[in-house]
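**Student:** sequence unknown, structure follows:
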Ligand SMILES: Cn1cnc(CNC(=O)c2cc(-c3ccc(F)cc3)cc(O)c2O)c1
Ligand SMILES: [Mg+2]
């Protein structure tokens with residue numbers, strides 16, 4: 001097919017959503033992915049759980065690992081008060097290009113810093129480059145085998161401090177067994193599983209919320 005799936009998702013947003021209205025962007029993507037083509041957005045069911053965690057944490061600085069088309073970036077940014085922001089890392093330049101346009105359509109570009117590159121390369125530079133002390137919330141939704149190494153890297157870089165909340169997507173499907181084992185067995189995290197379903201399907205999936213307790 002000539003266009004890519006992310007390009008078709010952007011087209012659905014441009015056709016169905018209202019500029020400056022983040023909820024209409026979310027609704028347009030969910031409708032397209034439920035009725036036209038499945039895509040790996042966190043989706044509406046797990047997205048509601050994400051919303052509740054964002055509202056509970058009321059974060060000032062959020063790190064999102066894995067932007068894809070910007071669906072969860074918009075979900076998070078729409079709930080942030082003035083002065084708060086989400087830094088979102090995306091490795092794939094084609095995804096990043098689409099996400100920028102989706103985020104712009106939602107009118108939330110002032111609350112979002114989209115960074116193109118590998119999480120492992122960028123995390124060590126977060127403090128220096130973005131003036132970040134520590135993250136209040138980290139949403140992990142990138143390559144599943146990077147969840148654990150990047151969590152350890154965030155710890156080593158002092159970007160996770162007492163009270164930081166990690167929220168991980170896909171802990172069942174595709175699954176992140178080594179990450180789950182780590183946060184559930186570590187005395188430094190208080191972990192809980194939010195059972196849900198793989199976006200737009202009946203398959204089981206869920207989010208793992210882990211609060212860092214300090215050293
Ligand atoms: C290529 N790539 C760039 N970023 C990523 C990171 N995301 C995922 O891999 C991802 C995958 C799935 C999924 C795929 C196939 C399937 F059968 C079931 C689930 C769902 C998600 O919510 C995800 O976040 C992958
Ligand atoms: Mg996911």
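**Tutor:** Ah, there it is. Because the structure is a prediction, the values reported are computed rather than measured. Numbers count the residues shown, from 1 in each chain. Ligands and ions are numbered 1, 2, ... in the order given.
**Student:** Smallest distance to ligand 1 belongs to which residue of this protein?
**Tutor:** Taking CB to the nearest ligand atom as the measure, the chain has residue 40 as its residue closest to ligand 1, at 3.8 Å. For the C-beta atoms, the positions are set from N, CA and C on the backbone; glycine is no exception.
**Student:** As a check, name the ranges of all strands in the chain.
**Tutor:** Remark: strands assigned in the chain by DSSP state E are 61-65, 85-90, 112-116, 137-140, 165-168, 189-197, 204-212.
**Student:** how about CSV for those strands, with mean pLDDT added?
**Tutor:** CSV is the format used below for these (pLDDT from 0 to 100):
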stretch, mean pLDDT
strand 61-65, 99
strand 85-90, 98
strand 112-116, 98
strand 137-140, 99
strand 165-168, 99
strand 189-197, 98
strand 204-212, 99
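**Student:** got those strands as CSV, with mean neighbour count and distance to ligand 2 columns?
**Tutor:** CSV is the format used below for the strands of the chain (neighbours: other CB atoms under 10 Å; distance: least, CB to the ion, whole Å):
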stretch, mean neighbour count, distance to ligand 2
strand 61-65, 26, 10
strand 85-90, 24, 13
strand 112-116, 18, 17
strand 137-140, 26, 9
strand 165-168, 23, 9
strand 189-197, 15, 11
strand 204-212, 21, 8
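**Student:** Columns distance to residue 28 on top of those strands, output as TSV?
**Tutor:** Shown next, in TSV, are the strands of the chain (distance: least, CB to CB, whole Å):
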stretch	distance to residue 28
strand 61-65	20
strand 85-90	19
strand 112-116	18
strand 137-140	21
strand 165-168	24
strand 189-197	21
strand 204-212	22
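**Student:** Just confirm residue 161 contacts residue 215, I think it does.
**Tutor:** No - using CB atoms under 8 Å, residue 161 is not in contact with residue 215; the gap is 9.5 Å.
**Student:** Comparing those two, which residue is more hemmed in?
**Tutor:** residue 161 (14 against 8; other CB atoms under 10 Å).
**Student:** Grab the nearest non-local neighbour of the more buried one.
**Tutor:** residue 134 (3.9 Å; CB to CB, 6 or more residues apart in numbering).
**Student:** With ligand 2 as the reference, measure out to that neighbour.
**Tutor:** Per CB to the ion, to the nearest Å, residue 134 is found 24 Å from ligand 2.
**Student:** Give me the number of neighbouring residues for that residue.
**Tutor:** 19.
**Student:** Repeat that for residue 97.
**Tutor:** 15.
**Student:** residues contacting it?
**Tutor:** Listed by CB atoms under 8 Å, 6 or more residues apart in numbering, the contact set of residue 97 is empty.
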